[in-house]
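**Student:** next come a sequence and a model predicted from it.
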Amino acid sequence: MSKNKEHIDLDSDYDRTLDLLKKELGEDKSFDIVVREFSTAGRKSALIGIDGLIKDDVLTWIMQSLFLLPENSFKSGGIKSYLQQAIPYIELTTDTNIDELLYFVLSGSILFVIDGSEEVFVIDARTYPSRSPEEAEIERVVRGSRDGFTETIVFNTALVRRRVRDPKLRIKLMRVGKRSKTDVCLCYIEDIADPELVKTIISSIEQIEIDAVPMAEKAVEELIVPGSWWNPFPRVRYTERPDVAAVHLFEGHVLIMVDTSPSVIIAPATYFHHVQHAEEYRQNPLVGAYIRWVRFIAIIASIIITPLWMLAALSPEILPDSLKFIGPEKIGNVPIFIQFIIAEISLDLIRMAAIHTPSPLATALGVIAALLIGDIAVNIGLFAPEIILYTAVVAVGSYCTPSYEMSMANRLVRFFILLGTGFFRLPGLIITSILALAVAVFTKSFKVPYLWPLIPFNYRAFKSILIRSPVPIQNIRPEILKPLDKSRQPAPAFKRRKD
């Protein structure tokens with residue numbers, strides 16, 4: 001749309017207003033621009049909308065109401081007040097700014113233009129092509145809610161409202177993109193979230209200068225999260241589960257929703273936010289603690305097990321006698337270091353192929369990967385059998401990481417340590433591990449230390465990470481978020497029955 005139209009205000013000339021709106025929308029060049037001209041109460045009028053984004057039944061009811069208005073219903077200067085009573089729809093506003101009106105109609109609202117009125121009526125009767133809420137593929141639980149966020153931002157805010165019936169819940173709507181005008185929502189609980197954090201995020205979103213954000217939430221994240229873009233560690237957490245989003249709201253986090261995306265940003269986020277899963281809280285506390293520890297072991301193994309085994313294979317003299325069994329019996333025709341590089345790249349190739357493979361062919365892909373990369377590669381001497389074993393363990397550990405972004409970051413860290421170990425043996429393993437840890441230590445998510453509560457150490461918070469605590473104990477908010485309300489509202493007291 002033309003920049004010189006941004007501050008043009010309309011007047012009561014019906015023909016001029018309608019011609020201007022048609023020209024800006026390209027009514028004669030776009031088939032889906034709907035302009036319905038008719039007469040109501042003896043005055044020329046028109047409804048303007050986008051085919052596919054408006055509710056046909058609502059539009060029909062409104063037109064029926066307008067057709068029934070008697071002649072000369074409008075008194076001088078009383079058009080606005082009369083139509084606000086005559087149009088039977090709750091979401092009805094007026095505007096005179098052409099840029100705002102174009103935004104409304106392109107967002108799916110209906111414009112009502114009537115002769116003699118300086119203002120255009122905006123009827124928010126939009127509807128978007130959407131799927132129904134369903135469980136997120138990468139955040140499944142055995143028991144629990146099966147609804148998940150969708151690509152429609154209004155549905156997502158409703159799913160949050162359903163779980164957070166707090167009058168202090170605030171949902172601020174903003175626009176991002178000079179051309180795309182993408183809707184972005186900021187959700188927080190006003191008397192819990194840190195006002196400085198909220199102010200910082202709002203300011204960052206308002207300062208975005210870009211034509212469009214076609215990649216939705218990922219583009220917004222890169223534009224508002226402070227720090228280096230080349231740091232592999234994710235500094236916000238994504239979720240597609242409304243219950244997970246609600247829990248973080250009560251802790252003092254801020255949610256960022258972007259229209260057209262089912263992924264909601266949780267900010268700020270530490271490393272340990274990415275390694276917890278809703279399944280742990282859907283089971284008995286003891287079972288949940290066991291699941292969490294198994295997950296921690298799997299994540300640690302996905303980072304360090306292949307570099308350690310390669311070090312043992314390349315420098316067997318560092319192993320004590322009790323561990324001499326570690327190492328390959330047959331090295332194969334390719335050096336161990338090159339075997340691991342090929343195995344790592346092959347693992348990523350299989351992962352990418354699985355994403356792009358149609359579901360009916362997914363089983364065939366698994367068979368091909370197992371036979372060609374596994375069995376045949378070992379038989380011809382390309383891989384040592386242990387390489388396949390430990391690469392498979394690494395893959396399982398990666399898939400056990402709840403956060404996909406964190407699993408990819410851990411993969412890069414493992415590859416970095418693997419390269420250091422392959423070139424410099426034990427010193428390379430130590431130095432690269434320290435460097436990777438240093439990057440995590442100096443990383444921050446909106447001024448929150450990334451390794452908190454480990455660095456800086458906080459005993460109470462660290463204990464709650466190591467052990468999945470029972471619900472009655474989870475009544476204190478993380479102080480690193482600087483919540484206004486330090487503790488949650490206590491639940492009604494009850495006594496456990498002895499019988």
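**Tutor:** That came in fine, so what should we check first? Residues are numbered from 1 along each chain as shown.
**Student:** only C-alpha atoms for contact and neighbour calcs from this point on.
**Tutor:** OK.
**Student:** following the least confident helix or strand in the chain by mean pLDDT, which helix or strand comes up?
**Tutor:** Every helix and strand in the chain was compared by mean pLDDT, DSSP states H and E; the lowest is helix 362-368, with a mean of 65. Counting by DSSP states H and E, the next helix or strand C-terminal to helix 362-368 is helix 377-379.
**Student:** which residues sit against that next one?
**Tutor:** Outside helix 377-379, the residues that touch it by C-alpha atoms under 8 Å, 6 or more residues apart in numbering are Phe383, Ala384, Pro385.
**Student:** the helix or strand just after it: which residues count as buried?
**Tutor:** As assigned by DSSP H and E, the chain's next helix or strand after helix 377-379 is helix 385-399. By neighbour count on 16 or more other C-alpha atoms under 10 Å, the buried set for helix 385-399 is Pro385, Glu386, Ile387, Ile388, Tyr390, Thr391, Val393, Val394, Ala395, Gly397, Ser398, Tyr399.
**Student:** again with stretch 285-293
**Tutor:** Pro285, Gly288, Ala289, Ile291, Arg292, Trp293.
**Student:** list the contacts of Leu59.
**Tutor:** Ala125.
**Student:** same question, the one 3 residues further on
**Tutor:** Taking C-alpha under 8 Å, 6+ apart, we find Ile62 in contact with Ile87, Pro88, Tyr89.
**Student:** okay but Ser65 is in contact with Ile87, surely?
**Tutor:** Yes: counting by C-alpha atoms under 8 Å, Ser65 touches Ile87, with 6.6 Å between them.
**Student:** if we can go back for a sec, of the contacts of helix 377-379, closest to Val141?
**Tutor:** Distance ranking of the contacts of helix 377-379 against Val141, using C-alpha to C-alpha, places Pro385 first at 34.2 Å.
**Student:** burial of the closest residue to Ile480 other than its chain neighbours, as a residue count?
**Tutor:** The shortest distance from Ile480 to any non-neighbouring residue, by C-alpha to C-alpha, 6 or more residues apart in numbering, is to Val448 (6.8 Å). For Val448, the neighbour count with other C-alpha atoms under 10 Å is 17.
**Student:** longest helix in the protein, please.
**Tutor:** helix 404-442 (DSSP state H).
**Student:** between it and helix 385-399, how big is the angle?
**Tutor:** Helix 404-442 and helix 385-399 meet at an angle of 90 degrees, taking axes from the mean of the first three to the mean of the last three C-alpha atoms, to 10 degrees as the criterion.
**Student:** could you chop this structure up by domain?
**Tutor:** 3-123, 153-269, 281-449 (automatic domain parsing).
**Student:** what about the second one, start to end distance?
**Tutor:** From the first residue to the last, domain 153-269 extends over 22 Å; the measure is C-alpha to C-alpha, to the nearest Å.
**Student:** picking up where we left off before, now the longest helix of the chain: how far from the chain's centre is it?
**Tutor:** 27 Å (C-alpha atoms, centre = their mean, to the nearest Å).
**Student:** tell me the helix or strand right after it.
**Tutor:** By DSSP H and E, the next helix or strand past helix 404-442 is strand 444-445.
**Student:** outside of that following strand, which residues touch it?
**Tutor:** Val225, Pro226, Gly227, Arg235, Val236, Ala267, Pro268, Ala269, Thr270, Tyr450.
**Student:** at 7 Å instead, please
**Tutor:** Arg235, Pro268, Ala269, Thr270, Tyr450 (C-alpha atoms under 7 Å, 6 or more residues apart in numbering).
**Student:** using a markdown table, please lay out these together with secondary structure, pLDDT and distance to Glu134.
**Tutor:** Formatted as a markdown table, these follow (DSSP: H, G, I helix; E, B strand; the rest coil; pLDDT from 0 to 100; distance: C-alpha to C-alpha, whole Å):
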| residue | secondary structure | pLDDT | distance to Glu134 |
| --- | --- | --- | --- |
| Arg235 | coil | 93 | 26 |
| Pro268 | coil | 94 | 26 |
| Ala269 | coil | 94 | 25 |
| Thr270 | coil | 94 | 27 |
| Tyr450 | coil | 95 | 32 |
